[in-house]
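Engineer: What follows is a predicted protein model with its sequence.
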Amino acid sequence: MATINLRDYYPWYTQDEFVEVPDVIAAELFADRRYHRTHERRMRYNKTYLFDAETENEAAALVYSTDSPEAVFQKKEQHCRLCRALNSLPDIQGRRIEAHYILGKSRKNVAATEGVSESAVNQSIERGLRAMKKFLRNPENLPCQNSISSPIS
């Protein structure tokens, strides 16, 4: 068993907190800290900034990894509420909003895929967005319990 100081590994610990952990876990924590320090040094040396990320996922991962625990929790809560609002919609509206905003398809492409007019897709998306806003304004729908996993089904 090894004794580690949690303050060395987790930035939200402001005071020394010593715990005993198995040697395997201590080694992993040490290797992870070494990896992150090397990564930060490499980013500073190469001047890698957020706009250098090749995809939106990489950019989101960079922002997400630098946030405080409170900010991460707030983002998870917001994600959960948006997913619940999306899931509250009828299937057609939810599918079209997901295709347009989440998958990045154009409204014209969504219309062609479903074999309907573009105006029908536009109306469906607009109605769905209004319904989502209404859902999110309802105070009963705001708290999101157990938002560890994604509620999209």
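Structural biologist: Received, thanks.

Engineer: ok so residue 19 is a strand residue?
Structural biologist: Yes - the assignment for residue 19 by DSSP: H, G, I helix; E, B strand; the rest coil puts it in a strand.

Engineer: looking at this protein, which helix or strand does the model trust least?
Structural biologist: When each helix and strand of the chain is scored by mean pLDDT, DSSP states H and E, helix 56-66 comes last, with a mean of 53.

Engineer: Following element in sequence after it, please.
Structural biologist: Downstream of helix 56-66, the first helix or strand assigned by DSSP states H and E is helix 69-87.

Engineer: so for that following helix, what's the average pLDDT?
Structural biologist: On average, the pLDDT along helix 69-87 is 81.

Engineer: If we go by neighbour counts, what in it is buried?
Structural biologist: 80-86 (16 or more other Cβ atoms under 10 Å). Every residue, glycine included, has its C-beta placed from N, CA and C.

Engineer: a markdown table please, covering those and showing distance to residue 24.
Structural biologist: A markdown table is the format used below for the buried residues of helix 69-87 (distance: Cβ to Cβ, whole Å):
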| residue | distance to residue 24 |
| --- | --- |
| 80 | 33 |
| 81 | 38 |
| 82 | 38 |
| 83 | 36 |
| 84 | 39 |
| 85 | 43 |
| 86 | 41 |
